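1. Fold the following.
(4 chains)
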There are 4 protein chains.
Amino acid sequence: MLNVGLIGAGRIAGVHATAITGHPDSQLAAVSDFIPENAEKLAAQYGSVARSTQDILADPAINAVLIASSTDTHSEFMEAATAAGKVVLCEKPVDLSLERARACQATVAKTGQPVMIGFNRRFDPNFGALKAALDAGEIGKAELLSITSFDPAPPPLAYVKVSGGLYRDMMIHDFDMANFIMGDLPVSVFAAGSSIVDPEIGAAGDVDTAVVTLTYADGRVAVIKNSRRAVYGYDQRVELLGSDGLLQAQNMLENTVVKSNTHGVTGAKPTYFFLERYMPAYAAEWAAFVNAVKTGGDLPVTLADGVAALTMAEAATRSSQTGAPVRLDAV
Amino acid sequence: MLNVGLIGAGRIAGVHATAITGHPDSQLAAVSDFIPENAEKLAAQYGSVARSTQDILADPAINAVLIASSTDTHSEFMEAATAAGKVVLCEKPVDLSLERARACQATVAKTGQPVMIGFNRRFDPNFGALKAALDAGEIGKAELLSITSFDPAPPPLAYVKVSGGLYRDMMIHDFDMANFIMGDLPVSVFAAGSSIVDPEIGAAGDVDTAVVTLTYADGRVAVIKNSRRAVYGYDQRVELLGSDGLLQAQNMLENTVVKSNTHGVTGAKPTYFFLERYMPAYAAEWAAFVNAVKTGGDLPVTLADGVAALTMAEAATRSSQTGAPVRLDAV
Amino acid sequence: MLNVGLIGAGRIAGVHATAITGHPDSQLAAVSDFIPENAEKLAAQYGSVARSTQDILADPAINAVLIASSTDTHSEFMEAATAAGKVVLCEKPVDLSLERARACQATVAKTGQPVMIGFNRRFDPNFGALKAALDAGEIGKAELLSITSFDPAPPPLAYVKVSGGLYRDMMIHDFDMANFIMGDLPVSVFAAGSSIVDPEIGAAGDVDTAVVTLTYADGRVAVIKNSRRAVYGYDQRVELLGSDGLLQAQNMLENTVVKSNTHGVTGAKPTYFFLERYMPAYAAEWAAFVNAVKTGGDLPVTLADGVAALTMAEAATRSSQTGAPVRLDAV
Amino acid sequence: MLNVGLIGAGRIAGVHATAITGHPDSQLAAVSDFIPENAEKLAAQYGSVARSTQDILADPAINAVLIASSTDTHSEFMEAATAAGKVVLCEKPVDLSLERARACQATVAKTGQPVMIGFNRRFDPNFGALKAALDAGEIGKAELLSITSFDPAPPPLAYVKVSGGLYRDMMIHDFDMANFIMGDLPVSVFAAGSSIVDPEIGAAGDVDTAVVTLTYADGRVAVIKNSRRAVYGYDQRVELLGSDGLLQAQNMLENTVVKSNTHGVTGAKPTYFFLERYMPAYAAEWAAFVNAVKTGGDLPVTLADGVAALTMAEAATRSSQTGAPVRLDAV
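-> Presented below is the predicted three-dimensional model:
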């Protein structure tokens, strides 16, 4: 049984609390938050208790820690939790600073404690089925990967300003998806980004629309498209051309009803946003973490994976700013 | 808070136990079963206790009863539970005997206690969206309804023999779906059934393939197609032509991945069977029951609905045997 | 080279004229019509000449006749054309009177001349692909057939009054489709029809909405749904459940563009009506006729096929009027 | 009536001959080819005559010329034909040499004769419907365009060697499609290309897989994906994200039949290659040319459009070779 300390009590922490309490082999031992009232509220909702982060880390009865606090605290809490001998699942991204993330990786490595990074999309059943079909050889050798990832609406400007920018905040999921599917890191990153959805995002120094090309040592190519606004909902698709065929993971729809009338044949919209689309993925992510800990197996997403995606985000940010491709080994 | 006594500890009782314990306003107070060990096992799994049905009905702290025992006990337990002042949710069908079901309805009516029949498909989000679109006038007036309902594989012959036959056991869901969507009962039922999937089903006096036509007083028509075998999975579709358009509730698929190769463009199969397809519907059904009890509202599916569907099954059985249409008011 | 005399100069005759002149092995030798001006107009359009029907039949240089005149002249012209030694392609239906059609069949049989009936849908590439997949064993043994056939809008009332009724005029195509796919005639026909699209159709003694069930000697079942109005266009689908799977021939759409917005995901409507949907089928029908004549092979649709479909239409008409199923051998 | 001289008698010339002879306002006056026997053969097939190119250009009765000869002769024949006062439709590309194409454009401009370049995809009904929906404001302002364009199989190596490379030979269609939809030229082109389909293509100095990013002055972005091999057929899709929604032009399929079995739900493949997919587009292209000439309207695709696409191909080729983005105004 995993006795889990949950650090952070925001919206995504609630998602994880549901997964932790819903799994037969884990229980929510305690919740902490920078604002203690939030921790108390969440703890009450899930039949747990609020404690300080320090207490949680010091409690030998707590053997696992889930870090869902603000991004700027991730590195610090990963270091502290692994130093305290906990197994850790930490939300993405590792950090907004690549330098800090690398330092964290080095520090954690010394503890020998396993850390998993919460790239939940790897556990989406659709992307998982696509990856499984590829691994089973169903389309031969991978050649050209396309990832479409559009949010339904831009986040508040205040969020944009502290987010680290689209590449680190939003596309980082897609960088990890590319790594998950391609099974290797690209050698070069080219980013074309602009602000056409909301000029205020541009004024804040960020982009809201971006196309990133990844090139691989063996000639494979990947392209990622991001937009902060798709009015029809959360557009999350992956498409992979291989030597023997094409795999496409299409959107989940709100329901299967189709209406035919004089305007055409209309089906439901994609599920609205990440909570609707990826709720099963969060549960599957937690189950994979628990299973790996229980069986002593490798964690399915590592801190190295988290640093790799961040490195790609850093390269894309520089490319977007300079207009030139950036080699990953130069970042 | 509903304190629920669960009568029956088989597979479908487990589904209900999950719904009861997962709802914030209900708890599983006790479980009973004809075989006490089964009740104990299920109770242990859900943190409840096993008791006799008699004890459950006699306990004033238990205010709701969910009947998920074998069909031949439904009427008796509905009568006893309502006599004991419980609110009741009873699995379909009401009874295999229409006469017995009508007697039960009369007896229950005297208690004034509300009873809901578990036609779970009304709570499927897809059929619900179709019904909502119809009620919102999106396709004008309903004219021609088609229901496709195929099982993935025939049940064991032993089950077939005690099932009451395809019309009472399987198509009863579709009769209720027709009533749900059309908002009225048909005047006449014509059934064409045969045994072409498995000759042993025919030898046992049942059919495995059937097409039933329902005609309504106002000229509307409905057709229901059943087969005990669709090798690709559970095929559950509803299609309604109206004066201003067509609504189709299509199948849920196992995932959204599509593979294109030299053989064509292949998507996933429909979800395998009713547990995979209707799990969310069972939870929504329970939530609707709890909400109606809590708010004093009408139960969304009544004992009269259960008797109506059974009357249609009786008419279809007779029509299938005689080859002539049967008027509902003659049954 | 087939030298073709075209009898009739209406809309469907124009469709055939395009097929005849577009085929490398046939040419349009002459056109006749009850109204000579119509024949002249059509002939001019296709670089042919107008002549009387009598002349056409008497001309030994004309070896093939395509009958596209009004239904009440079909039998007479088939008899005269075969007596004159022509090979004949005649539009459906053979006749509105089953008695007359049978007499025609007997008369034609004595001439030994081959006659093909224009059930063009057999040559639609989609239905053809479905039939080919069935014949190739791709879904095992056929068990349950469903045909959906909705017109976009009711015909003028004047047409309805002389049409012979929905079963003979509209559903006759679907009866032939059932025969094409099932490869056998049903033993019994049950029709439930009503007039809910347009009460004037009902006042004229016809139905506008109908569901017909066909039962076969070996236990197979087929169901045909007709409506005179589907506001979204011509709805022409066939679905066949077999022991090893399901085949569905879906609608052709006006184009492949899909729009996603806040209202949902909207694709194009089905092609509007039979000219849009079946234009390639008319050309393929003619090519099949020419090829059979050229190679001395069997015509792919026979006069017997035309009489069979008409017999089913007669049975359905009686069933719809009496409310009882009608055996085909009793018609 | 357009009296058309067809220069070239290869496969694509045959496609144009069908369009010319099938249009009521044009006739095929003569055919020429570098190999006179080919011209004779094609002429015989379409009831025309073979003549020398010189004769055709000198014949005042021939008022239109369709150039479908090899690419290296396009510029010369456009110059000669316009000097001779003909209206011209010339197959793409204008030339493999951008310098030569620009010289041709200047020479032709002096004649004042209109020239249309055969970018047939603009006349595909699906892409046309997408463009019309955009122009009608159905998705607001265009923001992010994606073009997927995969051939079913690589061309012979001999062809690759003289083709000018993937960007000039294959992607040139997609550059024009981007110009057609975006209504403006990009400012910058970045190409990532590699040879992973067939190493011999790489050895010949070409790529077989490429992703090109186009950036526009107003912040819009477009991405084009090309592969020389999609084993499932000709994959031709366009997808456009706008401020109010998404438009997708999907593939045409061989038929609408869908088979469900234990392997999944399988539909037909895309139409095999450009002749199958774009045959209606070639006819529509010719009709648009005839209509513009007849009405004195502007030709829908100009020589300037042809030079623009070639300029983008040149930029992409350089970018692919250097690894750096190339500004269009620097080419």
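
2. Identify the residues contacting the closest residue in space to A:Asp329 that isn't next to it in sequence.
-> Closest residue to A:Asp329 apart from its sequence neighbours, by CB to CB, 6 or more residues apart in numbering or on different chains: A:Val187 at 7.3 Å. In short, each C-beta sits where N, CA and C put it, glycine included. The neighbours of A:Val187, taking CB atoms under 8 Å, 6 or more residues apart in numbering or on different chains as the test, are A:Thr215, A:Tyr216, A:Ala217, A:Arg327, A:Leu328, A:Asp329.

3. do the same with A:Phe123
-> A:Phe123 neighbours (CB under 8 Å, 6+ apart): A:Ala281, A:Tyr282, A:Ala284, A:Glu285, A:Ala288.

4. Run through who's touching the lengthiest helix in chain A.
-> Longest helix of chain A, by residue count under DSSP state H: helix A:274-295. When contacts are defined by CB under 8 Å, 6+ apart, helix A:274-295 is touched by residues A:2, A:11, A:15-16, A:18-20, A:22-23, A:25-26, A:64, A:87, A:89, A:114, A:116, A:118, A:120-125, A:128, A:234, A:236, A:252, A:270-271, A:297-300.

5. redo that, cut-off 7 Å
-> Residues from elsewhere that reach helix A:274-295 (CB atoms under 7 Å, 6 or more residues apart in numbering or on different chains): A:2, A:15-16, A:19-20, A:22-23, A:25-26, A:64, A:87, A:89, A:116, A:118, A:120-121, A:123-125, A:234, A:236, A:252, A:271, A:298-300.

6. Equivalent analysis for stretch A:206-213, please.
-> Identification of contacts with stretch A:206-213 by CB under 7 Å, 6+ apart yields A:154, A:160, A:165-166, A:171, A:189-198, A:201, A:221, A:223-228, A:316, A:320, D:143-144, D:192, D:211, D:213, D:221, D:223.

7. Including pLDDT and neighbour count, could the contacts of A:Phe123 go into JSON lines?
-> Compiled in JSON lines, the contacts of A:Phe123 are given as follows (pLDDT from 0 to 100; neighbours: other CB atoms under 10 Å in any protein chain shown):
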{"residue": "A:Ala281", "pLDDT": "96", "neighbour count": "21"}
{"residue": "A:Tyr282", "pLDDT": "96", "neighbour count": "20"}
{"residue": "A:Ala284", "pLDDT": "97", "neighbour count": "18"}
{"residue": "A:Glu285", "pLDDT": "98", "neighbour count": "25"}
{"residue": "A:Ala288", "pLDDT": "98", "neighbour count": "18"}
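
8. And the residues you listed, which is closest to D:Ala101?
-> A:Ala281 (51.5 Å; CB to CB).

9. Just the buried ones from the contacts of stretch A:206-213?
-> A:154, A:160, A:165-166, A:171, A:189-198, A:201, A:221, A:223-228, A:316, A:320, D:143-144, D:192, D:211, D:213, D:221, D:223 (16 or more other CB atoms under 10 Å in any protein chain shown).

10. what's near enough to touch A:Asn63?
-> A:Leu2, A:Asn3, A:Lys86, A:Val87.

11. Kindly report the same for A:Gly22.
-> Contact analysis of A:Gly22 by CB under 7 Å, 6+ apart lists A:Ala283.

12. rewinding a little: point out the ones among the contacts of stretch A:206-213 that are inside helices.
-> Among these, DSSP H puts A:Val160, A:Leu166, A:Ile201, A:Ala316, A:Ser320 in helices.

13. OK, contacts around A:Phe77?
-> Per CB under 7 Å, 6+ apart, neighbours of A:Phe77: A:Ile7, A:Ile67, A:Ser69.

14. helices or strands up against the stretch of helix or strand A:Arg100 belongs to?
-> Here A:Arg100, judged by DSSP states H and E, is contained in helix A:98-111. On a contact count with 3 or more CB pairs under 7 Å, 6 or more residues apart in numbering or on different chains; DSSP states H and E, helix A:98-111 meets helix A:74-83, helix A:303-322.

15. So which bits of the shortest one are buried?
-> In other words, helix A:74-83. Under the neighbour-count criterion of 16+ other CB under 10 Å, helix A:74-83 has A:His74, A:Ser75, A:Glu76, A:Phe77, A:Met78, A:Glu79, A:Ala80, A:Ala81, A:Thr82 buried.

16. relative to helix A:303-322, how tilted is it?
-> Counting by axes from the mean of the first three to the mean of the last three CA atoms, to 10 degrees, helix A:74-83 lies at 170 degrees to helix A:303-322.

17. Let me see the mean pLDDT of helix A:74-83.
-> Mean per-residue pLDDT for helix A:74-83: 98.

18. Report the distance from it to the chain centre.
-> Relative to the chain's own centre, helix A:74-83 is displaced by 19 Å; criterion: CA atoms, centre = their mean, to the nearest Å.

19. Put the alpha carbons of it into PDB.
-> What follows is helix A:74-83 as a C-alpha-only set of coordinates in PDB (Å, rounded to 0.1, in the frame of the first residue of the first chain):
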ATOM      1  CA  HIS A  74       8.900  21.400  -8.400                       C
ATOM      2  CA  SER A  75      12.700  21.100  -8.400                       C
ATOM      3  CA  GLU A  76      13.000  21.900  -4.700                       C
ATOM      4  CA  PHE A  77      10.300  19.500  -3.600                       C
ATOM      5  CA  MET A  78      11.700  16.700  -5.900                       C
ATOM      6  CA  GLU A  79      15.100  17.100  -4.300                       C
ATOM      7  CA  ALA A  80      13.700  17.200  -0.800                       C
ATOM      8  CA  ALA A  81      11.300  14.300  -1.300                       C
ATOM      9  CA  THR A  82      13.900  12.000  -2.800                       C
ATOM     10  CA  ALA A  83      16.400  13.000  -0.100                       C
END
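
20. What is the neighbour count of A:Met170?
-> A:Met170 has 23 neighbouring residues, counting by other CB atoms under 10 Å in any protein chain shown.

21. Run a quick check on it versus A:Asn226, I expect a contact.
-> Yes: look at A:Met170 against A:Asn226 with CB atoms under 7 Å: they come within range, at 5.8 Å.

22. Doesn't A:Gly236 belong to a strand?
-> Small correction: residue A:236 is Gln, not Gly. Yes: per DSSP: H, G, I helix; E, B strand; the rest coil, A:Gln236 lies within a strand segment.

23. And the pLDDT for it?
-> 98.

24. ok, it - contacts?
-> By CB under 7 Å, 6+ apart, the neighbours of A:Gln236 are A:Ser149, A:Asn251, A:Arg277.

25. Relative to B:Met170, how far out is the last one?
-> From A:Arg277 over to B:Met170 the distance is 34 Å, taken as CB to CB, to the nearest Å.

26. Now the phi/psi pair for the residue nearest in space to the middle of chain A, please.
-> Geometric centre of chain A, nearest residue: A:Phe119, 3.3 Å, by CA atoms, centre = their mean. Torsion angles at A:Phe119 (phi, psi; degrees, to the nearest 10) stand at phi -80, psi 80.
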